[in-house]
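**Q** I would like the atomic coordinates for the input below:
(chains A and B)
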Amino acid sequence: MERRTIFSGWLLPVLLVLPQLALTIVFFLWPAGQAMWSSTTLTDPFGLRSRFVGLANFRHLFADPLYVATIWRTVEFCAAVSTLAIAAGMVLAIAADREIRFRGLYRVLLIWPYAIAPAIAAILWILLLHPQIGLIGRWLNSIGIPWDYQLNGPEAMLVVVLASSWKQVSYNFIFFLAGLQSIPKAVMEAARMDGAKGFFRFRTVTLPLLMPTVFFLLVVNLVYAAFDTFGTIWAMTSGGPGKSTETLVIKVYRDGIVNQDIGSSSAQSVVLMGGIILLTILQFRFLGRRSGGQ
Amino acid sequence: MHRRTLLTGAGALAVAPAVVPAARAQGAKTKIVFWHAMGGANGDQINRITQQFNASQNTVELQSIFKGSYPDTMNAGIAAWRAGQAPHIVQVFDVGTGSMLAAGPAVKQAWQLVKDTGVKIDFGAYIPSVKAYYSLADGRLPSMPFNSSTPVMWYNKDAFEAAGLDPEKPPATWQEVVSMARTLKDKWASKSQDRMAVTTSWFTWIQLENFSAEHNLPFASEDDGYKGLGAVLEINNAGQVKQMQRLLDMAKEGTFKYGGRDALPDPLFFTDKAAISFGSSAGRGDIVRNAKFKFGVAELPYDPTIIKAPNNTIVGGASLWTMTAPHRTEAEYKAVAEFYRFLGTPEQDALWAENTGYVPVTFAGFKFAEKGGYYTKNPGADMASKSLVRGHLTVNSKGLRLGRLPEIRNIIYEEIEKALQGQQNAKQAMDNAVKRGNVVLRGFQRSVQG
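**A** Residues are numbered from 1 along each chain as shown, chains lettered A, B, ... in the order given. Below you'll find the predicted structure:
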C-alpha cells in the first residue's frame, strides 16, 4: 500500500520544486542546449561569425577514421579500467571483511587514494613508471626490459589504465565492503553448514548476493573511466604517443579549449552526452529491476 | 605618555574625514586590468612591473591577474569578451596570434591604439625578428611583443671533456652533431643507462619550425601564412624530411632520445642525463639553478648542404593584445598605451629579460642590459639575442601565421611519435602531417570566413 501526500493547490508544490528546477535548467539544460546549438554551427572563437551548417560537424566527425578509432579506444579503455578497478576493489573488500588484526587501519588506508586529485595521482605514477626518473621504469630498463611509455603506445595505455583504475579502487572497495556487510550472517552460516567452502561459496552464495553492487559499480566505473580520467591522462601523456591514449574527453578538450574549434568540439560533446544517456537508461532498466526484485 | 596616545588618536579622528576625499580622488584614477599567464618567478616579475608602473605615475592604476596556462588565459579573455567583460590587456601566446587576428571588433590592434590615443610608441625600436613574428603583412603591429624567447643548443661541458671533445667547441653543423653524438654515446652516455647523447625539447617548434626558418625553407605556402588564410603546409619537402630522417636515424643508432612533447624533456639536460639538448632560451633559469656541472650554450646548428649561412631563429612566447568592451573609454585606452610605452622603456625591457631568461625585445633594452654588465656576468645569456639577428630575415624566417597552430603541432607530434616507434619513415610522417594539417587549416579558414 503506497502512501502519498497530496498537496492541495499548485503554488506550494511548484515553490518546493523550483530551486531544483532552476539548478537543473541553469547548470544542465541551458549549457546542454547551447552545446547542441553550437554543434550545428561553424563559428569562430569570438562568436563573430556563426553559420548554421546542419549536421556537417557530425558528418565530418564520423567520416574521420581517427575519430572512430578514438571511440573504440575509449571503449577499450573504459572496459579495462572498470574491470581492473572492480576486480581489485572486490578482492580487497573480501580480504578486509575478514576477522583480521588492524582491520580498521587497512580500511582507512584503502580508502585514501580516492581523496587524491587526478593530477597528483598522475604525478605519483609518473614518479614510479617514468623511464628516466621513475623507480619501476628505471628498474625495468636496468634489467634489460626496454620500457618507455612516452614512445610506446601499448605501454602508455597500460600506464594510464593503471593510474586511472588505482584511483577508482577505493570507491569500489567501500561499496563492496558495504555490500558484503549487508549479506545476512544467517545465509553465510547456512552455506558453511552445508559444507560450501572457499571459492565455491564465493561463487554460489556471495557473488550472486553482490551482483546488484557489481552492476551499480559497473555503470559508475564506466562513467568514471569515460569522463573523470581526463586529469590523469592529460597530466601523464596528453593523449600521446601518437594518439594511443587519446580518449573522447581528451579530444573534446583539445579541440574545444586548445584549438578553439567550437563547432566540432560541441558535436563531440553531444556524442558523449548520447553515450551517457544510453548508460543511464541501461542503469535504470537493469538496476531498477534488480533492486525491485529484492 | 598615555595622554599623548589619546591625543594622536583624537588627531587621527579629526583627520579622518579629510582622508576620505583624497581616497576618492585616488579612486578616480583610470583603472585597467591585465590578464596574464605568467606563474612562479615570472609572475613575481609581473607584480614588480605592476607596482613600478603604478608608482611611476598617478593617473592610472593597473591591476594584473594571473589566469593560468596560456590556453586558459586566452580562453578566459575570449569568454569575457563574449560576456562584455573583457580585460583591457590579455597576454596571448605566439601560436594564438592567428586566432586573435581574426577577432575583428574584439580587439583594438596596437597600431590603431597608438593612432587613436596619440601616445608615442616607437615600433622601430623593436628587434626586427621579434616584430616580424607579430606583424601584419604590411608591417603594422597588431599586438605588443612582450615575453620572447628563441631556441638555443645547451651542452654539457663536463660530458664533452669526458668524451675527449673540446668543451669550447660545440657542434656548429648537424653533420658535427651526428659525429659528436657518436663519440658522446660511446665515451660518456654508455657509462650509465640513464644517459643519452642528444635530446630535444619543443620538437616541432625547434626541429621543424625553427629548422625551416634557419634554412630559409617554407613551412607553409603564402609566406608561411602571413599573406592569406589559404596557406597549405610544405613541411614534406626535401629539407625538412632530411632533418626528420636524420633524427630518426640517430634515434635508431641510439644517439638521439625523444623525451616527450613540449618542455617535458627539459629536466633531462639539467639533471646531467643528456650531453646536448635543444631548448628554449627561457629555460636558462632552471638550468642555472639545477645544473651541477659546467654547461655551455650555442646557436642552433645548421646543415651546410641546405644553406651556406643560416638565418635567424624565430621567437616563441607571447604578446599583449588590447581588448574592447562596451563603454570602454578613451582614457582607458590611453592608459593601456601608456603601459605599453612603460614596458618598452630600455630599463624595464632589460630588467624583464635579466630576471626571466626571455630576450630584450628592443635594441635599446639589449644595450641597457649590456651596459649594466649583465652579459659579462652571465656568459652565453646573449646567445638568444644573437641568434635572433643572425643572417637575413626572410619570408621564411619571420615566423608562422597559421590558424589552429597548436593542433597542427599536435598532429606533427603524433606523426613523429609514430615514426619514432618505427611505424613509418620520415617522408611518410611528413606527408601525413601535411595531409592532416591542411584539413585543420581549411577548417579554420571556413570558420573565420563564414
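
**Q** run through the strands of the stretch 1-150 of chain A in chain order.
**A** Using DSSP state E, counting those that start in this stretch, the strands of the stretch 1-150 of chain A run over A:41-43, A:50-52.

**Q** got a list of contacts for the first one?
**A** The set of residues external to strand A:41-43 that reach it, using CB atoms under 8 Å, 6 or more residues apart in numbering or on different chains, is A:49-53, A:56-57, A:262-263, B:446-447, B:450. Any C-beta I mention is one placed from the backbone N, CA and C, and that applies to glycine too.

**Q** neighbour count, pLDDT and distance to residue A:198 for those residues - can I get that in JSON lines?
**A** Below are these laid out as JSON lines (neighbours: other CB atoms under 10 Å in any protein chain shown; pLDDT from 0 to 100; distance: CB to CB, whole Å):
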{"residue": "A:49", "neighbour count": "15", "pLDDT": "83", "distance to residue A:198": "69"}
{"residue": "A:50", "neighbour count": "16", "pLDDT": "85", "distance to residue A:198": "65"}
{"residue": "A:51", "neighbour count": "15", "pLDDT": "86", "distance to residue A:198": "66"}
{"residue": "A:52", "neighbour count": "11", "pLDDT": "91", "distance to residue A:198": "64"}
{"residue": "A:53", "neighbour count": "18", "pLDDT": "90", "distance to residue A:198": "62"}
{"residue": "A:56", "neighbour count": "18", "pLDDT": "91", "distance to residue A:198": "59"}
{"residue": "A:57", "neighbour count": "22", "pLDDT": "92", "distance to residue A:198": "55"}
{"residue": "A:262", "neighbour count": "24", "pLDDT": "87", "distance to residue A:198": "57"}
{"residue": "A:263", "neighbour count": "27", "pLDDT": "90", "distance to residue A:198": "57"}
{"residue": "B:446", "neighbour count": "16", "pLDDT": "85", "distance to residue A:198": "65"}
{"residue": "B:447", "neighbour count": "25", "pLDDT": "81", "distance to residue A:198": "63"}
{"residue": "B:450", "neighbour count": "16", "pLDDT": "58", "distance to residue A:198": "67"}
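
**Q** can you add distance to residue A:282 and give these back as JSON lines?
**A** Shown next, in JSON lines, are the contacts of strand A:41-43 (distance: CB to CB, whole Å):
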{"residue": "A:49", "distance to residue A:282": "40"}
{"residue": "A:50", "distance to residue A:282": "36"}
{"residue": "A:51", "distance to residue A:282": "37"}
{"residue": "A:52", "distance to residue A:282": "33"}
{"residue": "A:53", "distance to residue A:282": "32"}
{"residue": "A:56", "distance to residue A:282": "30"}
{"residue": "A:57", "distance to residue A:282": "27"}
{"residue": "A:262", "distance to residue A:282": "31"}
{"residue": "A:263", "distance to residue A:282": "30"}
{"residue": "B:446", "distance to residue A:282": "38"}
{"residue": "B:447", "distance to residue A:282": "36"}
{"residue": "B:450", "distance to residue A:282": "39"}
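
**Q** can you give me the buried ones in the helix or strand that contains residue B:130?
**A** Here residue B:130 sits within helix B:128-134, counting by DSSP states H and E. Neighbour counts over helix B:128-134 (16 or more other CB atoms under 10 Å in any protein chain shown) mark B:129-134 as buried.

**Q** can you check stretch A:133-151 too?
**A** A:133-134, A:137-138, A:140-141, A:147-151.

**Q** one more: stretch B:345-363?
**A** Neighbour counts over stretch B:345-363 (16+ other CB under 10 Å) mark B:345-346, B:348-354, B:356-363 as buried.

**Q** same question for stretch A:113-133.
**A** A:113, A:118, A:121-123, A:125-126, A:128-133.

**Q** ok, stretch B:159-171 next?
**A** B:159-160, B:162-163, B:165, B:167, B:170-171.

**Q** among the residues you listed, which are in helices?
**A** Mapping those onto helices (DSSP state H) picks out B:159-160, B:162.

**Q** contacts only, for residue B:72.
**A** By CB under 8 Å, 6+ apart, residue B:72 lies in contact with A:257, B:37.

**Q** before we move on, back to that, the buried residues of stretch A:113-133: which two are farthest apart?
**A** Spatially, the most separated pair among those is A:113 and A:132, at 25.1 Å (CB to CB).

**Q** which helices and strands does the helix holding residue B:130 pack with?
**A** In terms of contacts (3 or more CB pairs under 8 Å, 6 or more residues apart in numbering or on different chains; DSSP states H and E), helix B:128-134 is packed against strand B:144-149.

**Q** which strands and helices lie in contact with the next helix or strand after the strand it packs on?
**A** Downstream of strand B:144-149, the first helix or strand assigned by DSSP H and E is strand B:151-156. Strand B:151-156 sits against strand B:274-280, strand B:295-298, helix B:383-388, with contacts defined as 3+ CB pairs under 8 Å, 6+ apart.

**Q** compile those into a markdown table and extend it with columns for distance to chain A.
**A** A markdown table is the format used below for the helices and strands packed on strand B:151-156 (distance: least, CB to the nearest CB, whole Å):
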| stretch | distance to chain A |
| --- | --- |
| strand B:274-280 | 10 |
| strand B:295-298 | 18 |
| helix B:383-388 | 27 |
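
**Q** single out the most deeply packed of these.
**A** Highest mean neighbour count of the helices and strands packed on strand B:151-156: strand B:274-280, a mean of 27 (counted as mean count of other CB atoms under 10 Å in any protein chain shown).

**Q** pull the CA atoms of that strand into CSV?
**A** In CSV, the C-alpha atoms belonging to strand B:274-280 read as follows (Å, rounded to 0.1, in the frame of the first residue of the first chain):
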residue,chain,number,x,y,z
ALA,B,274,71.7,14.5,-21.8
ALA,B,275,75.0,15.8,-23.2
ILE,B,276,73.3,18.0,-25.8
SER,B,277,69.8,19.3,-25.6
PHE,B,278,67.8,21.8,-27.7
GLY,B,279,65.6,24.0,-25.7
SER,B,280,64.1,27.5,-25.2
